[in-house]
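heads up, no residue letters with this:
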């Protein structure tokens, strides 16, 4: 395995965002010589990313055979209002992964995976990846920005669905909450989506996941949703390695990892 971190600053756009890659090394003579790229967009309330949990999540999916990338996007301490900077960071990360496809031994099935506040960023990217404003702002074509599918864990989706709870924080995120409420902008070109959350999440209400699911259902987007009965917010892979909360080790919820892998490997949602 090779681990590298690169800046996402480009000639087109200045940013402090970075992407850390956990690259697979092909085994000589193995039938597997290229790997599916998986771009993780962590949570952290737009102020930080939980590096310890995210690293373990990356390694868990690396062990499943993915080439994993972690996006460290723009935070509110670096730009206020924050949006659309993180969405543009995703666009640059997607472009870089495609640019290095051969060098990094990748195939063309690019998966996005996001958690909590990162879920809003990813949900918006899913809505807007082929839009005129994002292609113009990023300087890339829709083909450059396309991806295969999206996995969302306990995502923030809309600004009127219970998180952030205070107006000051909402103002730090955006001065246009209608434009950046992800369920409001789903289109027929949204990518297939796998959503999981816990019904009693005390931080980000499950209503966020339901809003996005129903909006995509109205557009006939291929999707799968799993709502677990119980579990705190921020569970990542839901085992003891990442359990920063006393109830964060939830073996039943942890099944989402295998279910998401099975779903990503399926053929029914290929484009």
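That came through fine. Since this is a predicted model, take the numbers as computed values, not measurements.

alpha carbons only for contacts and neighbour counts from here, please
Will do.

Now the spatially most central residue of the chain, what are its backbone angles?
Most central residue of the chain, judged by C-alpha distance to the mean C-alpha position with Cα atoms, centre = their mean, is residue 114 at 2.6 Å. The phi/psi pair for residue 114 (degrees, to the nearest 10) reads phi -140, psi 150.

Equivalent analysis for residue 108, please.
Torsion angles, degrees, to the nearest 10, at residue 108: phi -100, psi 20.

Give me the distance between it and residue 130.
Distance, residue 108 to residue 130, by Cα to Cα, to the nearest Å: 18 Å.

Which of those two has more residues huddled nearby?
residue 130 (19 against 14; other Cα atoms under 10 Å).

count of neighbours near the residue nearest to that one when sequence neighbours are not counted?
Distance criterion Cα to Cα, 6 or more residues apart in numbering; nearest residue to residue 130, sequence neighbours excluded, is residue 142 at 4.6 Å. The burial count assigned to residue 142 is 17, neighbours taken as other Cα under 10 Å.

Likewise for residue 115?
28.

Please shift the residue numbers so they start at 626 in all later answers.
Shifting the count to begin at 626 puts that one at residue 740.

what pairs with it across the strands?
Residues in a beta bridge with residue 740, per DSSP bridges, are residue 778.

Let's see the pLDDT reported for it.
At residue 740, the model reports a pLDDT of 98.

ok, now how distant is it from residue 655?
33 Å.

try residue 874
Applying Cα to Cα to residue 874 and residue 655 gives a distance of 35 Å.

try residue 708
44 Å.

Show me which of these two is the more surrounded one.
residue 708 (21 against 7).
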